[in-house]
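Chemist: What follows is a predicted structure for the sequence shown.
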Number of protein chains: 2
Amino acid sequence: MSLQTEIRKMAVSAKEASKELAITSTEAKNRVLLRMAKELRKRLSFLVRENKKDVAAASRSGKSKAFIDRLILSDKGVRGMAESVETIARLNDPVGEVIQMSRRPNGLLIGKVRVPLGVIAIVYESRPNVTSDTAALCLKSGNAVVLRGGSDALASNRAIVSILRQSLRDEGLSPDAVTLVSQRGHEAVRLLLRQNDLINLVIPRGGEALIREVEKFSKIPVIKHYKGICHVYVDEVCDLNMAERIVMNAKVQRPATCNAMETLLVHEDVAPRFLPPMIRKLQKKGVEIRGCEKTSRLLKGIRRATERDWRTEYLDLILSVRVVKDLSQAIQHITEYGSMHTDTIVTENHEHAMRFLREVDSACVFVNASTRMNDGGVFGMGAEVGISTDKLHARGPMGLTELTSYKFIGLGDGQIRK
Amino acid sequence: MSLQTEIRKMAVSAKEASKELAITSTEAKNRVLLRMAKELRKRLSFLVRENKKDVAAASRSGKSKAFIDRLILSDKGVRGMAESVETIARLNDPVGEVIQMSRRPNGLLIGKVRVPLGVIAIVYESRPNVTSDTAALCLKSGNAVVLRGGSDALASNRAIVSILRQSLRDEGLSPDAVTLVSQRGHEAVRLLLRQNDLINLVIPRGGEALIREVEKFSKIPVIKHYKGICHVYVDEVCDLNMAERIVMNAKVQRPATCNAMETLLVHEDVAPRFLPPMIRKLQKKGVEIRGCEKTSRLLKGIRRATERDWRTEYLDLILSVRVVKDLSQAIQHITEYGSMHTDTIVTENHEHAMRFLREVDSACVFVNASTRMNDGGVFGMGAEVGISTDKLHARGPMGLTELTSYKFIGLGDGQIRK
């Protein structure tokens, strides 16, 4: 069978499975999820053993320590995967929810009801837990899923997916609701991305290069975010202690995440008081500062930020700092250099807060909170499949609801068009 | 200036205008719309004169009567355009609507607020009223619009757009909120469809060939429906008088619309009673019947439907008729041959109604109502920019709300991530 035929067949089987899953009851879906969690735990040593093959191969081929850290699946990691699947089983099923319903003047009852999207493809890198997390989210929302993980995690992903598929079979459902594209090479992904008559959505998860590659080749709609260049703006009238807590949290708590702050903007009136102690505290935590001209006048020995720094997602303990004239210049900076992900104003001025909320065109805009608060869990969505900086369909954290569409239903007693 | 530069410049200007429009108040947007309506009326004779140029050229080049009918802009047509714009001014502004808002356990108030998409491109054929209707819908929802109408309506569209742009200018807003791509040839559209960093959404309106062309070349997300192969299924237990009224309305009231019925499915138990008189009544209205084998056994002289007929959107007084064994076969037929647009069951059986609503995967599923009821106006949406059979972002009739996205806003008092 040619690669093209293989990929096509997978997509066709996933579509078939999605039709069954779309009308499977919440109870039946939860039973499958709980069985999956149980089987993941039961087969812990098998999973860890298979993962060791991947880790050994990655070490031999000289991958970085950070890369291998992400790849490793420990006993605790497997138990974490099982717990995530159980958490997802406990979330509300979005399918069948009546979003709105009203009676029209002609007596026709018109409603909108949530339905699954159909088949969702997830293209991701080398964290094995993404495999079970995203499969569970897709299943719970009634969607079949086609998974394409990084080739370095292939043995791990094969082991995880075999367990998930067996659980589906054991509960009397089609195993094709969860499919792994395990063929090596770019061509397999590119063929997958052309199945736009069968696959309804692609979510790429990983670095910007991976996401741009998916976007470039996909004939299927893609929801994504390229990067998170998140800003905190410290306004002229604000609680400077609160500003300090927010800045520290946004930069230092987990610098490698997309919602960590990359650029700090400070109103010029508070900069002389706020910046020197703030920068010294950040430096004590190991943060390297790259500042604008005014910043470097306030503190000696600061490396100058270049045009390129304002556009860089460091994902590391590095921070760009700029002193701005006023709120307008802060918003201008965010519009020019930001990535429409998450931006925060720290202010006591109500009018400024409202203007920032209105004019900053990002997926998530905060007043007096850390950028790190942009998270499906924090927002009460239970779990997230990713964060979108797109504007169509879903923006910000994407949970179960964002993996659904809706249909209009109309209940009549003979209504016709006049 | 090269064509590429011209198109790029248009898209850049539209993006700039969209930023202004996104934060323009509802009052200001309504003032512009009411001025547009007034100016369209005032310049009626200019519009009709420009339209006559298009009509004359179309006649010379031998276009069909139906084509020319759609192209003609009468006095009444201009007044209708103005009234539509006024109707849109009266609709609720979706921008700024708080969709949900709740306080999280940590005290953070998290909400979702509707925002405009940005820039919307509309690619359509030769009805001049689409120009003012879609421009008004985009403006009201805070979006800039780039219009690409059929080349046969160029003089008409230029005239309409010049009036809309002048109205924007007169109200102190950027005229680039409404732009007409008037360069002739396919290359202009293809270049437009590559501006995915500036244009947020493309809506193609017209025949299937136009829509497939847009889908093929667009790097921008497209929302569309290719065609409407709509079904009415007459179930075994139902009010046959109601079934007759619904079938007649769905086929005959306006056969050229996408929500008109193309295929009638009838349960075999009621077919002998229902079909012969129904078909005779349809034939009296000029409807040509193409039937399955069982249908042709019930009535002499019926042309046999081919496999191709089940997949054809006639948009005309032609109807495919099939006798089915049961509800399952009806749903199977719809799944196999339908276009996921609008499908109706006529039944008195509650279980059948519920199963049809659940299992038919169409944008709009009705019980006991004509397929023609699938309409933004009928649904209380005020006006529609099109009907989507896609599943992402918007499905079914698309009104003002469907031309918006949302952002998350978070109001805190110093929340940080633990």
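Modeler: Looks like it arrived, so ask away.
Chemist: which ones are touching residue A:203?
Modeler: Contact analysis of residue A:203 by C-beta atoms under 8 Å, 6 or more residues apart in numbering or on different chains lists A:120-123, A:134, A:222-224, A:385-386, A:398. Quick note: C-beta positions are derived from backbone N, CA and C, even for glycine.
Chemist: scratch that, residue A:390 is what I was asking about
Modeler: Residue A:390 makes contact with A:223-225, according to C-beta under 8 Å, 6+ apart.
Chemist: in what helix or strand does the closest residue to residue A:281 other than its chain neighbours lie?
Modeler: Excluding its sequence neighbours, the residue lying closest to residue A:281 (C-beta to C-beta, 6 or more residues apart in numbering or on different chains) is residue A:248, at 6.8 Å. Here residue A:248 sits within helix A:240-252, counting by DSSP states H and E.
Chemist: What residues does the stretch 1-150 of chain A have near chain B?
Modeler: For the stretch 1-150 of chain A, the residues in contact with chain B (C-beta under 8 Å from any C-beta of the partner chain) are A:19, A:22-23, A:102, A:104, A:106, A:108, A:110, A:113, A:115, A:117-118.
Chemist: Could you pull out the buried residues of stretch A:46-62?
Modeler: In terms of neighbour count (16 or more other C-beta atoms under 10 Å in any protein chain shown), stretch A:46-62 has its buried residues at A:47-48, A:50-51, A:54-55, A:58.
Chemist: For whichever residue of the stretch 151-300 of chain A sits closest to chain B, grab the count of nearby residues.
Modeler: Chain B sits closest to residue A:249 of the stretch 151-300 of chain A, with a gap of 3.7 Å, by C-beta to the nearest C-beta. Residues within reach of residue A:249, counting by other C-beta atoms under 10 Å in any protein chain shown, total 23.
Chemist: ok now the lengthiest strand in chain A, how far from the chain's centre?
Modeler: Scanning chain A for the strand with the most residues, using DSSP state E, yields strand A:404-415. The chain centre lies 32 Å from the centre of strand A:404-415; the measure is C-alpha atoms, centre = their mean, to the nearest Å.
Chemist: what does stretch A:1-10 give?
Modeler: 29 Å.
Chemist: Contacts for that stretch next, please.
Modeler: A:146, A:176, A:179, A:181, A:183, A:187-188, A:191-192, A:195.
Chemist: can you pull the buried residues of it?
Modeler: Of the residues in stretch A:1-10, A:7-8, A:10 count as buried by neighbour count, 16+ other C-beta under 10 Å.
Chemist: mean confidence score for that stretch?
Modeler: For stretch A:1-10, mean pLDDT rounds to 95.
Chemist: now stretch A:321-335
Modeler: Averaged over stretch A:321-335, pLDDT sits at 98.
Chemist: CA atoms of the longest helix along chain A as CSV?
Modeler: The helix that spans the most residues within chain A, counting by DSSP state H, is helix A:3-22. Provided in CSV are the C-alpha atoms of helix A:3-22 (Å, rounded to 0.1, in the frame of the first residue of the first chain):
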residue,chain,number,x,y,z
LEU,A,3,1.9,6.0,1.9
GLN,A,4,-0.8,8.1,0.3
THR,A,5,-3.3,5.2,0.5
GLU,A,6,-2.3,4.4,4.1
ILE,A,7,-2.9,7.9,5.3
ARG,A,8,-6.1,8.2,3.4
LYS,A,9,-7.4,4.9,4.9
MET,A,10,-6.5,6.2,8.4
ALA,A,11,-8.5,9.4,7.8
VAL,A,12,-11.5,7.4,6.4
SER,A,13,-11.5,5.1,9.4
ALA,A,14,-11.3,8.0,11.8
LYS,A,15,-14.2,9.7,10.0
GLU,A,16,-16.3,6.5,10.4
ALA,A,17,-15.4,6.2,14.1
SER,A,18,-16.3,9.9,14.6
LYS,A,19,-19.9,9.2,13.4
GLU,A,20,-20.3,6.6,16.0
LEU,A,21,-18.7,8.7,18.7
ALA,A,22,-20.8,11.7,17.9
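Chemist: which helices and strands does the helix or strand following that helix pack with?
Modeler: Downstream of helix A:3-22, the next assigned helix or strand under DSSP H and E is helix A:26-42. Packing partners of helix A:26-42 (3 or more C-beta pairs under 8 Å, 6 or more residues apart in numbering or on different chains; DSSP states H and E): helix A:75-90, helix A:128-140, helix A:154-170.
Chemist: Could you save the buried residues of stretch A:46-62 as JSON lines and add columns showing pLDDT, distance to residue A:393 and secondary structure?
Modeler: Shown next, in JSON lines, are those (pLDDT from 0 to 100; distance: C-beta to C-beta, whole Å; DSSP: H, G, I helix; E, B strand; the rest coil):
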{"residue": "A:47", "pLDDT": "98", "distance to residue A:393": "34", "secondary structure": "helix"}
{"residue": "A:48", "pLDDT": "98", "distance to residue A:393": "38", "secondary structure": "helix"}
{"residue": "A:50", "pLDDT": "98", "distance to residue A:393": "35", "secondary structure": "helix"}
{"residue": "A:51", "pLDDT": "97", "distance to residue A:393": "34", "secondary structure": "helix"}
{"residue": "A:54", "pLDDT": "97", "distance to residue A:393": "34", "secondary structure": "helix"}
{"residue": "A:55", "pLDDT": "97", "distance to residue A:393": "37", "secondary structure": "helix"}
{"residue": "A:58", "pLDDT": "96", "distance to residue A:393": "35", "secondary structure": "helix"}
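Chemist: Could you work out the most separated pair of these?
Modeler: A:47 and A:58 (16.5 Å; C-beta to C-beta).
Chemist: mind listing the strands in the stretch 201-350 of chain A by residue range?
Modeler: With DSSP state E, counting those that start in this stretch as the criterion, the stretch 201-350 of chain A has strands at A:201-205, A:230-234, A:261-267, A:288-291, A:303-304, A:318-324, A:342-346.
Chemist: Please save the CA atoms from the one helix or strand residue A:365 maps to in PDB.
Modeler: According to DSSP H and E, residue A:365 maps onto strand A:364-369. Only the C-alpha atoms of strand A:364-369 are listed here, as PDB (Å, rounded to 0.1, in the frame of the first residue of the first chain):
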ATOM      1  CA  CYS A 364      -6.400  37.700  26.900                       C
ATOM      2  CA  VAL A 365      -6.200  41.200  28.400                       C
ATOM      3  CA  PHE A 366      -5.700  41.600  32.200                       C
ATOM      4  CA  VAL A 367      -6.000  44.400  34.700                       C
ATOM      5  CA  ASN A 368      -3.900  43.900  37.800                       C
ATOM      6  CA  ALA A 369      -3.100  40.200  37.300                       C
END
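Chemist: Please list the residues outside that strand that contact it.
Modeler: Contacts for strand A:364-369 (C-beta under 8 Å, 6+ apart): A:242, A:246, A:259, A:341-347, A:353, A:356-357, A:373-374, A:396, B:108, B:407-416.
Chemist: Select only the buried ones of the residues you listed in PyMOL?
Modeler: With 16+ other C-beta under 10 Å as the criterion, this PyMOL line picks the buried residues out of the contacts of strand A:364-369:
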select buried, (chain A and resi 242+246+259+341+342+343+344+345+346+347+353+356+357+373+374+396) or (chain B and resi 108+407+408+409+410+411+412+414+415+416)
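Chemist: related to what we said a few turns ago, mind checking which of the contacts of stretch A:1-10 land in strands?
Modeler: If you go by DSSP E, these have A:146, A:179 in strands.
Chemist: Now the buried members of the contacts of stretch A:1-10.
Modeler: Buried among the contacts of stretch A:1-10 (16+ other C-beta under 10 Å): A:146, A:176, A:179, A:181, A:183, A:188, A:191-192, A:195.
Chemist: Which of those fall within helices?
Modeler: Going by DSSP H, the helices hold A:188, A:191-192 from the buried ones among the contacts of stretch A:1-10.
Chemist: Provide the strand pairings for the strand holding residue A:365, with the direction of each partner.
Modeler: strand A:342-346 (parallel), strand B:404-415 (parallel) (DSSP bridges).
Chemist: Fine by me, we can end here.
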